[in-house]
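*Asks:* Generate a structure from the sequence data that follows.
(one chain, ligands or ions: 2)
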Amino acid sequence: MSRSEGQPKYNTREEVDFVIIGSGAAGGVLARELSTNGFSVVVLEQGQYRTAADFKHDELDVIFNNELLNHPGWNDPQTFRKFASETAVQMQGEPPPAYYARGVGGSSVHFTANYWRFHQSDFMERSLLGPMEGTGFADWPIGYEELEPYYTRVEWECGVSGQPGPFEAPRSRPYPVPPMPVKSSGVLFEKGARAMGLHPQPAPLAILSKPLNGRPACIHCGFCMGFGCEVNAKSSTLASMIPAAEATGRCEIRPLSTVFRIQTNAAGRVNEVVYLDAAGKQQAQKTRAAVLSANGAETPRLLLLSESARSPNGLANSSGIVGQYLMGNGHSVTQAAFEHPLNEFKSVQVTRIVHDFYENDPSRGFYGGGGMDARPFLDSTPILHALTGMPPDKPTWGSEFKQMLRHYFTRKMSVLGSTTSVPLASNNITLDPNLKDDKGRPAIRMTYMDHADDLAMATFLQDRAVEILGAAGAKEIWREPVEGGTIQAHLLGTCRMGNDPTTSVVDKYHRAHDVPNLFICDGSSFVSSGRGQPTMTIQALAFRAAEHITRFARNGEI
Ligand SMILES: Cc1cc2nc3c(=O)[nH]c(=O)nc-3n(C[C@H](O)[C@H](O)[C@H](O)COP(=O)(O)OP(=O)(O)OC[C@H]3O[C@@H](n4cnc5c(N)ncnc54)[C@H](O)[C@@H]3O)c2cc1C
Ligand code: SF4
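*Replies:* Ligands and ions are numbered 1, 2, ... in the order given. You can find the predicted model right below:
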């Protein structure tokens with residue numbers, strides 16, 4: 001564990017301006033913004049404080065032993081079920097259903113860094129398309145125009161490489177650095193997509209193609225998806241935001257601090273945040289206000305854990321909406337092998353995308369939209385390739401298997417389709433009634449089954465992927481089954497924003513309707529899911545929230 005020189009050390013009995021819970025994609029931005037704007041800030045983060053020097057190319061430890069996830073199976077189990085009628089169970093030998101990284105920087109440390117802005121339609125589909133029976137399909141209380149300046153700040157201040165595409169919404173500034181150099185998968189995808197009359201474009205990535213803001217460019221190490229970046233070229237908040245927050249001298253990052261309760265006083269205001277420190281000792285940090293940024297699974301869990309006589313169903317939950325409308329984005333995977341080596345194990349994952357199918361199209365016969373990208377995916381690293389990257393119905397051991405490993409590892413790529421996710425009240429995060437973690441907290445219970453339209457959209461994109469790969473000259477193409485997701489890396493919508501306190505948890509400034517000095521800003525704030533890469537929007541929301549929280553604090557309105 002390491003920490004910057006010069007960051008303050010606040011006493012827990014000293015009231016700070018803000019406690020931020022979670023230091024991930026959203027929490028890292030809020031930490032920098034609020035401390036830069038002059039406030040005293042304590043960030044409580046349950047995971048370790050790693051730096052670039054701590055990251056390694058060890059596939060077994062990082063991917064299979066879930067090093068960056070701290071392997072919740074050991075001390076913080078979760079349960080899963082598809083429907084409320086089933087008993088949720090702990091999945092054995094698999095990553096946890098709520099799949100996220102613990103540590104300073106959160107899941108922005110190990111993510112793949114696809115950074116798509118939402119389109120205007122994403123914020124207002126309910127108005128454009130009308131109601132969807134039996135769902136929580138709704139408009140956002142803000143529109144694209146309101147968020148555009150903050151998308152631009154994410155691109156320039158966190159660091160996003162790219163080039164505007166033909167379908168994207170209007171932008172006020174170009175990307176700060178050009179797209180990453182195209183990979184073999186990108187060249188082939190582009191060739192196949194153009195042959196199909198589509199409009200492939202360079203992929204926007206939260207990865208630096210050139211030095212920016214004192215950080216270096218990517219060195220194309222190839223250990224990117226699921227790994228931390230050893231040179232700080234991936235624009236995690238660990239690399240881009242946390243150092244600047246600490247440099248203010250007003251922000252203390254407190255790692256290995258697991259929050260288990262947000263305490264409120266008799267007036268219903270947050271007055272301290274209760275956590276277990278690195279030694280397992282209970283502490284309580286006094287604060288004037290709290291910002292909850294623990295992600296779309298842990299944020300609702302913490303609110304539900306913070307119930308009281310005043311809030312018997314959980315803090316900020318008079319609506320009963322906390323934990324509801326979990327969205328995860330649907331996906332389809334199509335694998336292909338080519339005659340000549342592609343050597344996809346190098347560099348970043350994605351260099352080309354297709355957004356021709358982004359918008360809803362009634363002629364498809366179902367609701368939805370999505371994007372496609374080309375990447376090594378299951379062939380990035382050797383063990384993953386051996387276990388998941390081989391064609392079906394082939395030997396899984398012996399000399400033929402070894403020959404296949406050698407042949408396919410360099411010749412493979414995949415096309416991923418990422419889709420909308422319909423907000424369903426039947427998909428949610430609740431507290432498991434039976435299972436507890438090693439700290440005595442009820443475990444996360446995820447109930448999740450994709451809407452039929454999400455699966456139809458994923459299949460539609462898979463059909464297009466097969467056509468594109470065929471047009472690109474693939475020798476073999478095979479489909480991964482499109483089925484309901486049991487592991488979600490995009491954790492969205494569980495504390496949705498809205499103007500109506502009876503149908504939403506936070507207002508359009510991320511203030512909890514029920515608790516005036518509690519702000520909630522992370523993936524949980526989403527009203528709809530976008531088309532598959534949510535983190536650009538999570539961070540734009542965080543920049544915007546910080547600006548409004550600052551205004552409220554300066555005006556004495558918190
Ligand atoms: C392998 C992988 C690849 C991905 N690739 C992409 C991609 O290409 N594009 C994209 O847009 N998104 C991607 N994502 C998703 C992306 O990482 C998340 O959307 C994003 O990081 C969520 O931001 P957040 O602020 O909501 O939460 P997080 O980044 O998860 O941060 C939450 C933080 O809160 C901490 N925390 C939680 N509970 C507590 C507690 N009780 N006490 C103290 N601290 C707590 C956590 O440890 C964590 O550090 C990927 C995810 C994974 C797993
Ligand atoms: S491929 Fe580039 S951005 Fe990704 S981890 Fe390696 S050096 Fe960092």
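*Asks:* how would you label the closest residue to residue 250 other than its chain neighbours: helix, strand or coil?
*Replies:* In space, and not counting its chain neighbours, residue 250 is closest to residue 35: 4.5 Å by C-beta to C-beta, 6 or more residues apart in numbering. Backbone N, C-alpha and C define where each C-beta goes, glycine included. Secondary structure state of residue 35, per DSSP: H, G, I helix; E, B strand; the rest coil, is helix.
*Asks:* ok, residue 35 to residue 249 distance?
*Replies:* Between residue 35 and residue 249 the distance, using C-beta to C-beta, to the nearest Å, works out to 8 Å.
*Asks:* Looking at these two, which is more packed in?
*Replies:* residue 35 (27 against 12; other C-beta atoms under 10 Å).
*Asks:* can you pull the pLDDT of the more buried one?
*Replies:* At residue 35, the model reports a pLDDT of 98.
*Asks:* Surely residue 188 touches residue 471?
*Replies:* No: in this structure residue 188 lies outside contact range of residue 471 using C-beta atoms under 8 Å: 9.4 Å.
*Asks:* who's more crowded, the two?
*Replies:* Neighbour count, other C-beta under 10 Å: between residue 188 and residue 471, residue 188 has more, with 23 against 17.
*Asks:* Does residue 195 touch residue 473 like I think?
*Replies:* No: in this structure, residue 195 is not within contact of residue 473 by C-beta under 8 Å, at 9.8 Å.
*Asks:* Sketch out the low-pLDDT regions of the stretch 401-550 of the chain for me.
*Replies:* Along the stretch 401-550 of the chain, the model assigns pLDDT under 70 to no residue.
*Asks:* residues from it in reach of ligand 1?
*Replies:* 489-490, 522-523, 533-535, 538 (C-beta under 6 Å from any ligand atom).
*Asks:* Now render the residues you listed as TSV, adding secondary structure and neighbour count.
*Replies:* Below are those laid out as TSV (DSSP: H, G, I helix; E, B strand; the rest coil; neighbours: other C-beta atoms under 10 Å):
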residue	secondary structure	neighbour count
489	coil	19
490	coil	29
522	coil	33
523	helix	31
533	coil	26
534	coil	29
535	helix	24
538	helix	26
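*Asks:* Can you list phi and psi of the closest residue in space to residue 326 that isn't next to it in sequence for me?
*Replies:* Closest residue in space to residue 326, ignoring its immediate chain neighbours: residue 427 at 4.4 Å, by C-beta to C-beta, 6+ apart. Per-residue torsions, residue 427: phi -100, psi 120 (degrees, to the nearest 10).
*Asks:* measure residue 427 to residue 170 for me?
*Replies:* Separation of residue 427 from residue 170 (C-beta to C-beta) stands at 33 Å.
*Asks:* ok, those two, which is more surrounded?
*Replies:* Per other C-beta under 10 Å, whichever of residue 427 and residue 170 has more neighbours is residue 427, with 27 against 9.
*Asks:* got a list of what that one touches?
*Replies:* 324-328, 447-449 (C-beta atoms under 8 Å, 6 or more residues apart in numbering).
*Asks:* among these, which are in helices?
*Replies:* Of the contacts of residue 427, none are assigned to helices by DSSP state H.
*Asks:* Among the residues you listed, which one sits closest to ligand 1?
*Replies:* residue 328 (10.1 Å; C-beta to the nearest ligand atom).
*Asks:* so that closest one sits right up against residue 447, yeah?
*Replies:* No: using C-beta under 8 Å as the test, residue 328 is too far from residue 447 to be in contact (11.9 Å).
*Asks:* Which of those two has more residues huddled nearby?
*Replies:* Neighbour count, other C-beta under 10 Å: between residue 328 and residue 447, residue 328 has more, with 27 against 22.
*Asks:* Just give the nearest non-adjacent residue to that one, would you?
*Replies:* Counting by C-beta to C-beta, 6+ apart, the residue nearest residue 328 is residue 488, at 3.7 Å.
*Asks:* In the stretch 251-400 of the chain, where is pLDDT below threshold?
*Replies:* Of all residues in the stretch 251-400 of the chain, none has pLDDT under 70.
*Asks:* residue ranges for the strands of it, please.
*Replies:* Here the stretch 251-400 of the chain has its strands, by DSSP state E, counting those that start in this stretch, at 251-254, 258-264, 270-276, 282-292, 331-337, 352-354, 370-375.
*Asks:* List, one by one, the residues from this protein near ligand 2.
*Replies:* Selection of the chain residues close to ligand 2 by C-beta under 6 Å from any ligand atom yields 207, 218-224, 227, 229, 231, 233-234, 347-348.
*Asks:* of those, buried ones?
*Replies:* Taking 16 or more other C-beta atoms under 10 Å as the criterion, what is buried in the residues of the chain next to ligand 2 is 207, 218, 221-224, 227, 229, 233-234, 347-348.
*Asks:* Tell me the spacing between the most centrally placed residue in the chain and ligand 2.
*Replies:* In the chain, the C-alpha nearest the mean C-alpha coordinate belongs to residue 490, at 4.7 Å (C-alpha atoms, centre = their mean). In this view, residue 490 and ligand 2 are 20 Å apart by C-beta to the nearest ligand atom, to the nearest Å.
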